[in-house]
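Asker: Sequence first, then the predicted structure:
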Amino acid sequence: MKSIRTRLAGYFMLVIIITVSILEVFLISAVKTNYYNNVEEILSNQIVFSSEFYSRYFPSSSLGDNILDNIDVFWQQTAAQVQIIDLSGNVLMDSIGVDHKESLDTSDVKKALQGEKGRWVGNVEYDSYNVMAVSYPLKSDGNIIGVLRFITSLKETDKAIRSIAMIFIWTGIAVVFISGLVSIFLSNTITRHVKEVTLVAEKMASGNLKIRSIKKYNDEIGKLSDTLNFMAEEIVKKEQLKNEFISSVSHELRTPLTSIKGWAITLKSSKEGEKELLEDGLNIIEQESDRLTHMVEELLDFSRFVSGKISLNKEDVDIYKIIKNIDKQLSPRANAENIDFTVWCPDGASYVYGDENRLRQVFINILDNAFKFTSPKGMVALTAKEEGENVVIRIKDNGSGISKEDLPYVKERFHKGKSSKSKNGLGLSICDEIVKLHGGSLEIKSEQGMGTEVVVILPAGGYSND
């Protein structure tokens, strides 16, 4: 398996090699073009001068006569090979005596016959190196009578280009080598931090949650360090909450079990005829059994939510009807605890598509908290109405409220408030999960000493309206 360092260094080298190669090709091509243009410019200046000289001083005689009588005038301005070509492409004269059996039809000759200067680079039989030819029209009285052609070997020019190209190539190799060393160094600086973060993660995985990753740079690896540290802190916090939860549940289970066992022993040892004692004992055993059942149900619900096995029996449910039934169910408790419990919802019906028993569980759980944290002569209000495309249920009290420190966490699993009335920290978490499964949301607004408002928002409309 290739390490990240090897891959990074390889990617760096690939980019560098491609970049240097492209630059080398561009520079060598530019040098070659520049050298060839310089050669062409020299030949062009010479050939234009010779052509104009011929047109000015030898326009009266024919091209053939001028070649015989004034042959030296054509090459006295240049050291290049000189050719004179007629309109048919036949070579009338060659300064180095090359015998041309066929007419010339190179691109430079064709352009010259059309009245323009032409350039051609290629191979010739009498030279092992490339040559450059520049052709220019010869005119008499404004008419083209032939072509003057200067040819020079590119031997020295190509040697100079190759020398410069070798300098560029060796320079490029040196650049690649140095860049390779730098890329290895840079990849090491990156992978070193990755290794450090990995080592910290391995120690965390082995159970050492006190160790922390040191953030050195504000980049992706730095963000990974922050995330790893945050994860460790959250695990520690959750572990602490879980331990507190287990301790709390153990204590809460022990209390009713102790009571049940105590009364069972009392009843077992009681004498016949103590009917009042028997009734009190059985009532307490029933109440404590109900408490145990409620706690077990909450634990089972929590287990289902965590495992994703919770199922809802959804149907068209009239929320207003549920609210009115809850009013009848909890009003006696409110009267017994001397709490002003008011319920309001419009006449008629308002349907949502959901599980009636689960929704009832949500409202009763929230109201149970409201009653529990509201003192006698306090107030608890339950309202429900449609707002736009939602049904909004508000449960408000003027009880003890929730502290700023606890408020962000009250819906988290295992979280228990600082109040002694707090239970196992699962009630609101389960309520929030149930509401989410109905496509709604649960919001909590509270201020310590000023009371709490819980807002449940559910999508309005039954299944037939979806």
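Answerer: Received it, and whenever you're ready, just let me know what you need. Predicted model, so just to flag it, every value in this text is computed and none were measured.
Asker: CA atoms for contacts and neighbours, from now on please.
Answerer: OK.
Asker: and L92, how far is that from I85?
Answerer: 5 Å (C-alpha to C-alpha, to the nearest Å).
Asker: okay, the two: which has more neighbours?
Answerer: I85 (24 against 16; other C-alpha atoms under 10 Å).
Asker: Kindly state the distance between the middle of the helix or strand that contains D108 and the middle of its chain.
Answerer: Taking DSSP states H and E as the criterion, D108 maps to helix 107-113. Relative to its chain's centre, helix 107-113 lies at 61 Å (C-alpha atoms, centre = their mean, to the nearest Å).
Asker: ditto for stretch 352-363
Answerer: 39 Å.
Asker: and that stretch, which residues are buried?
Answerer: 352-356, 358-359, 361-363 (16 or more other C-alpha atoms under 10 Å).
Asker: Please apply the same query to stretch 27-38.
Answerer: 28, 31-32, 35-36.
Asker: residues making contact with that stretch?
Answerer: 157, 161, 164-165, 168 (C-alpha atoms under 8 Å, 6 or more residues apart in numbering).
Asker: pLDDT below threshold where in the stretch 101-250 of the chain?
Answerer: 241, 244-250 (pLDDT under 70).
Asker: where do the strands sit along it?
Answerer: Assigned by DSSP state E, counting those that start in this stretch, the stretch 101-250 of the chain shows strands spanning 118-124, 127-140, 143-153.
Asker: try the stretch 351-466 of the chain
Answerer: Under DSSP E, counting those that start in this stretch, the stretch 351-466 of the chain gives strands at 351-354, 379-387, 390-397, 441-447, 451-459.
Asker: Partner strands of the second one, with direction?
Answerer: The partner list of strand 379-387 in its sheet, established with DSSP bridges, is strand 340-344 (parallel), strand 390-397 (antiparallel).
Asker: Now do it and strand 451-459, the angle between them.
Answerer: 20 degrees (axes from the mean of the first three to the mean of the last three C-alpha atoms, to 10 degrees).
Asker: Report the contact partners of the residue nearest to T342 when sequence neighbours are not counted.
Answerer: Closest residue to T342 apart from its sequence neighbours, by C-alpha to C-alpha, 6 or more residues apart in numbering: A381 at 4.8 Å. Residues in contact with A381, defined by C-alpha under 8 Å, 6+ apart, are 341-343, 394-397.
Asker: Please apply the same query to H438.
Answerer: Here H438 is in contact with 353-354, 458-459 (C-alpha under 8 Å, 6+ apart).
Asker: same thing but 6 Å
Answerer: H438 makes no contacts at all, as judged by C-alpha atoms under 6 Å, 6 or more residues apart in numbering.
Asker: Quick check: phi and psi at it.
Answerer: phi -90, psi 10 (degrees, to the nearest 10).
Asker: The one 10 residues further on now?
Answerer: When quoted as degrees, to the nearest 10, the phi and psi of Q448 stand at phi -60, psi 130.
Asker: how deep is it tucked in, by neighbour count?
Answerer: 14.
Asker: Distance check, the residue nearest the centre of the chain against A205.
Answerer: Closest to where the C-alpha atoms of the chain average out (C-alpha atoms, centre = their mean) is E220, at 11.2 Å. Noted for E220: a distance of 21 Å to A205, by C-alpha to C-alpha.
Asker: One more: L442?
Answerer: For L442, the distance to A205 - C-alpha to C-alpha - is 35 Å.
Asker: higher neighbour count, those two?
Answerer: Neighbour count, other C-alpha under 10 Å: between L442 and A205, L442 has more, with 19 against 11.
Asker: A9 is in contact with S183, correct?
Answerer: Yes: here S183 reaches A9: they are 5.4 Å apart, a contact under C-alpha atoms under 6 Å.
Asker: got the domain boundaries for the chain?
Answerer: 4-161, 220-307, 315-465 (automatic domain parsing).
Asker: Quick check: end-to-end length of the first one?
Answerer: The one in question is domain 4-161. End-to-end distance of domain 4-161 (C-alpha to C-alpha): 42 Å.
Asker: Just give me how far that domain sits from the chain centre.
Answerer: That offset, for domain 4-161, works out to 58 Å (C-alpha atoms, centre = their mean).
Asker: cool, the last one as well?
Answerer: For domain 315-465, the distance from its own C-alpha centre to the chain's C-alpha centre is 39 Å (C-alpha atoms, centre = their mean).
Asker: Serialize the buried residues of stretch 352-363 to TSV and add fields for pLDDT.
Answerer: Shown next, in TSV, are those (pLDDT from 0 to 100):
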residue	pLDDT
V352	91
Y353	90
G354	88
D355	87
E356	88
R358	83
L359	89
Q361	83
V362	87
F363	89
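Asker: any idea which of the residues you listed is the one closest to S103?
Answerer: For the buried residues of stretch 352-363, the residue nearest S103 by C-alpha to C-alpha is Y353; the value is 96.7 Å.
Asker: how many neighbours does the residue nearest to D86 when sequence neighbours are not counted have?
Answerer: Distances taken as C-alpha to C-alpha, 6+ apart place G146 nearest to D86, at 4.4 Å, with adjacent residues excluded. Counted with other C-alpha under 10 Å, residues neighbouring G146 total 25.
Asker: G146 against L87, yeah?
Answerer: Yes: using C-alpha under 6 Å, G146 is in contact with L87, at 5.2 Å.
Asker: what about T452, neighbour count?
Answerer: 24.
Asker: Relative to V343, how far out is it?
Answerer: Counting by C-alpha to C-alpha - T452 and V343 are separated by 16 Å.
Asker: Check V194 too.
Answerer: In terms of C-alpha to C-alpha, V194 sits 59 Å off from V343.
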